[in-house]
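Trainee: return atomic coordinates for the entry below.
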Amino acid sequence: MHLHLLLLLFSSGVSGYFLPLKEMLHLQNMSIIDEMLCLLEAEKDAINEHFFKPLHIKNENCAHCNAKTFIHELKKIPPCKCLKTVEKDMEKLEKDCSILKKSSSNDETCSEMEKTGFSQFKKSLEEFLKWVNQNQFCSKIMRRASGLYPDGKCICSNPWKYRKGLL
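Mentor: Okay, the predicted model is just below:
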């Protein structure tokens with residue numbers, strides 16, 4: 001009788017509650033935006049570049065233009081950086097996320113930018129990603145957690161913290 005109950009528990013998915021966190025990460029899907037936010041926070045290297053950041057990052061009419069700007073600016077980062085993953089993910093979002101596909105209106109405010117250091121650029125990108133995620137524009141674009149960092153150099157230490165990009 002107990003064996004039958006144990007088999008029922010494992011087949012119903014309840015067994016996931018008993019797996020260690022490390023094993024659960026391989027089984028859970030992770031939003032691509034959640035991953036990007038985690039990688040942005042994990043990036044601690046000093047990057048001595050100047051970046052342009054959009055000024056109107058929460059303007060729906062500017063979303064496409066802002067995504068293009070962030071992608072262009074992320075290309076300035078040397079290839080050994082974990083933020084190359086963020087760059088590739090931004091490109092994926094631009095292709096797959098409906099609001100980022102739309103061409104921006106002729107609103108001249110969309111082209112307003114500010115030259116800044118990396119930390120301010122990073123904060124602006126984080127704010128943009130959270131806005132996109134909170135408005136449910138792209139929150140269903142997922143990634144399997146097991147394939148995130150094939151080279152082992154990028155570490156997203158606490159992906160649970162970033163679920164739904166609300167932090």
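
Trainee: list the contacts of E73.
Mentor: Going by C-beta atoms under 8 Å, 6 or more residues apart in numbering, E73 touches 51-53, 121. Bear in mind the C-beta positions are built from the backbone N, C-alpha and C, glycine included.

Trainee: what residues sit buried inside the helix or strand where it lies?
Mentor: Using DSSP states H and E, E73 maps to helix 63-74. Across helix 63-74, burial judged by 16 or more other C-beta atoms under 10 Å covers 63-71, 73-74.

Trainee: make TSV from those and add pLDDT and distance to F128 to it.
Mentor: TSV is the format used below for these (pLDDT from 0 to 100; distance: C-beta to C-beta, whole Å):
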residue	pLDDT	distance to F128
A63	91	8
H64	90	12
C65	92	11
N66	94	6
A67	93	8
K68	93	12
T69	95	10
F70	95	7
I71	95	12
E73	95	12
L74	93	12
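
Trainee: rewinding a little: ok, which pair from the contacts of E73 is furthest apart?
Mentor: The two members of those with the most space between them (C-beta to C-beta) are F52 and F121, at 8.0 Å.

Trainee: higher neighbour count, the two?
Mentor: Comparing F52 with F121 by neighbour count (other C-beta atoms under 10 Å), the higher total belongs to F121, at 22 against 16.

Trainee: pLDDT score for that one?
Mentor: Note for F121: predicted pLDDT of 95.

Trainee: who's the closest spatial neighbour of it, skipping the chain neighbours?
Mentor: Leaving aside its chain neighbours, F121 sits nearest to F51 (3.8 Å; criterion: C-beta to C-beta, 6 or more residues apart in numbering).
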